[in-house]
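Novice: would you be able to build a 3D model of this:
(one chain, ligands or ions: 1)
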Amino acid sequence: MSEEAQLKALRNRIDAIDEKVLELISERARCAQVVAEVKQKTLAEGEQPVFYRPEREAQVLKRIMELNKGPLDNEEVARLFREIMSACLALEEPLRVAYLGPEGTFTQAAALKHFGHSVKSLPMAAIDEIFREVAAGAVHFGVVPVENSTEGAINHTLDSFLEHDLVICGEVELRIHHHLLVGENTRVDKISRVYSHAQSLAQCRKWLDAHYPNIERVAVASNADAARRVQSEWNSAAIAGDMACELYGLTRIAEKIEDRPDNSTRFLIIGNQEVPPTGDDKTSVIVSMSNRPGALHHLLQPFHDNGVDLTRIETRPSRSGKWTYVFFIDFLGHQHDPLVKDALEKIRDESVGLKILGSYPKAVL
Ligand SMILES: C=C(O[C@@H]1C=C(C(=O)O)C=C[C@H]1O)C(=O)O
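Specialist: Have a look, this model is predicted:
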């Protein structure tokens, strides 16, 4: 067979497969529509339907990854199914998701990674605004950054949890790659200023010291804001990621300039709905302790006794007394797991206050 004939035959086969894929996706979407009807029918008086089920979505993705035999790798396959589910869910109910804006931020990228592209993502000017929009019911969910692997905690987010009663429904992890970006009018040999978010400037500190030791580093509200500014300036550059680069039509003059190659940020999904266990969950709590000898030891003992794996502990001023602190603790397991439940009861007895922020599926993607 000639090369041309071979290609033609293969393309015919692909067309036939696509028809079948489309048929199956449509069948799946119709199933999701029926799920929505069933959810509507079984509601109690005055109850709001809950269409989005993070625990179910996590299970669907994990199952797909387990079934996958290649040649596409697990992450790739999960991403495709993420988008299929997102489109199916949008048929039931288009989700409104608030994120830390403006458009093109890593938080928006995290929102789309978690929910897929069929949601309506709404940029907010500040972290606190996201909490308020979710609390007011103006959006279904919010996405906020909580920690970076290079720079540590995002304190605005932690402090907002002290002030609002919202539920953590999920987490997303994103590899953060920063680039040095310039605009059409930038004179590359005359750069005297670089804009970025303070976190990003910190994540690229050593690179800047080595390559641009003498330029002014200006911290602005977000990386996307930095990218927007360089559009109209001839002597400045921005540090931002791919989304902001594309959105503002900039050019990368240096790629992946973050000091640590594994630089990642963890984001939380905040909402109003508690999430049932999936068998592979995490829980976040805030604990305040009285300032007495051995307080931290007493706090941690029940976790140790019950074999609960701590993944993170962060301290913040309690804001209710000088030199008093609250602890933000993340651990593996769901608040309904018997051993976790028991540990939390003991901690409740020992502490001044315990606030369970939520149990949620461990990030799948
Ligand atoms: C179809 C459902 O509703 C939504 C859509 C899902 C999907 O497309 O698989 C999964 C969970 C829900 O977010 C369901 O609850 O099963």
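Novice: name the residues of stretch 252-270 that come out as buried.
Specialist: Within stretch 252-270, the residues scored as buried using 16 or more other Cβ atoms under 10 Å are Ala254, Ile257, Glu258, Asp259, Asn263, Thr265, Arg266, Phe267, Leu268, Ile269, Ile270. Every residue, glycine included, has its C-beta placed from N, CA and C.
Novice: could you confirm whether stretch 355-365 reaches the ligand?
Specialist: No - in terms of Cβ under 6 Å from any ligand atom, no part of stretch 355-365 sits within range of the ligand; the closest distance is 11.7 Å.
Novice: so which bits of that stretch are buried?
Specialist: Across stretch 355-365, burial judged by 16+ other Cβ under 10 Å covers Ile356, Leu357, Gly358, Ser359, Tyr360, Pro361, Lys362, Ala363, Val364.
Novice: same thing with stretch 36-55?
Specialist: Neighbour-count burial for stretch 36-55, with 16+ other Cβ under 10 Å as criterion, is recorded at Ala36, Phe51, Tyr52, Arg53, Pro54, Glu55.
Novice: now narrow those residues to whatever sits close to the ligand.
Specialist: Under the cut-off given by Cβ under 6 Å from any ligand atom, the ligand has Phe51, Tyr52, Arg53 from the buried residues of stretch 36-55 close to it.
Novice: what is the nearest of these to Thr157?
Specialist: Nearest to Thr157 among those: Tyr52, at 21.7 Å, using Cβ to Cβ.
Novice: which residues touch the closest one?
Specialist: Contact criterion Cβ atoms under 8 Å, 6 or more residues apart in numbering gives Leu89, Glu93, Leu95, His140, Phe141 as the residues in contact with Tyr52.
Novice: out of the residues you listed, which are buried?
Specialist: Members of the contacts of Tyr52 classed as buried by 16+ other Cβ under 10 Å are Leu89, Leu95, His140, Phe141.
Novice: quick one on the thing from earlier: just the buried residues of stretch 355-365: which are in helices?
Specialist: Mapping the buried residues of stretch 355-365 onto helices (DSSP state H) picks out no residues; all lie outside.
Novice: would a markdown table of the residues you listed with distance to Gln301 and pLDDT be doable?
Specialist: Compiled in a markdown table, these are given as follows (distance: Cβ to Cβ, whole Å; pLDDT from 0 to 100):
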| residue | distance to Gln301 | pLDDT |
| --- | --- | --- |
| Ile356 | 19 | 97 |
| Leu357 | 21 | 97 |
| Gly358 | 23 | 98 |
| Ser359 | 21 | 98 |
| Tyr360 | 25 | 98 |
| Pro361 | 28 | 97 |
| Lys362 | 25 | 96 |
| Ala363 | 28 | 95 |
| Val364 | 32 | 92 |
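Novice: among these, which lie within strands?
Specialist: Within these, membership in strands is found for Ile356, Leu357, Gly358, Ser359, Tyr360, Pro361, as judged by DSSP state E.
Novice: in contact with the last one, which residues are there?
Specialist: Pro361 is in contact with Pro54, Glu55, Ala58, Gly170, Val275, Thr278, Asp280, Asp281, Lys282, counting by Cβ under 8 Å, 6+ apart.
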